[in-house]
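In: Quick one, structure for this:
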Amino acid sequence: MIRTLRKHTVSFKHAFSGILWVLKTQHNYVVHIVLSIMAIVLGLFLHISYFEFLIIILLVFSGLTIETVNTAIEEATDAIDTKWREDIKIAKDVAAGAMLIYAMGAAVLALIIFLPKLLAYLAF
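Out: The predicted model follows:
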């Protein structure tokens with residue numbers, strides 16, 4: 001049991017180390033966090049519903065997860081070869097494309113949630 005707990009402790013240390021590295025080195029990750037905080041603050045200001053908050057929180061954590069995986073793919077492919085290679089370019093482009101698809105979907109959902117409330121707020 002103690003051995004299992006130690007393994008999990010080490011795993012958590014490695015995971016947190018990875019998150020800290022991403023925060024320190026990846027500009028897009030920081031941008032995502034700033035936009036996420038803005039969305040949460042806007043949600044509080046506009047009194048979005050509980051369900052809408054659940055969607056926003058899901059979008060925040062999904063986006064951070066996809067951005068983290070994208071960064072891991074970029075770093076892993078750079079470790080394979082730092083020279084330009086078509087196969088590495090494809091892997092990086094596809095990973096970046098996944099984040100772009102996610103960001104477009106998140107933006108649409110955010111607009112569906114926030115736009116009517118913003119328009120109603122501005123109408124007063």
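In: When you work out contacts or count neighbours from here on, use the C-alpha atoms and nothing else.
Out: Noted.
In: what about the closest residue to Val60 other than its chain neighbours, distance to Ala107?
Out: Using Cα to Cα, 6 or more residues apart in numbering and skipping residues adjacent in sequence, the residue nearest Val60 is Ser36, 5.9 Å away. In this structure, Ser36 lies at 11 Å from Ala107, with Cα to Cα, to the nearest Å as the measure.
In: that older thread, what strand or helix carries the residue nearest to Val60?
Out: For Ser36, the host element (DSSP states H and E) is helix 27-46.
In: Which helix or strand lies directly C-terminal to that helix?
Out: Following the chain from helix 27-46 toward its C-terminal end, the next helix or strand by DSSP H and E is helix 50-80.
In: and the angle for the helix or strand following that next one with helix 50-80?
Out: Counting by DSSP H and E, the next helix or strand C-terminal to helix 50-80 is helix 86-123. Direction vectors for helix 86-123 and helix 50-80, defined by axes from the mean of the first three to the mean of the last three Cα atoms, to 10 degrees, enclose an angle of 160 degrees.
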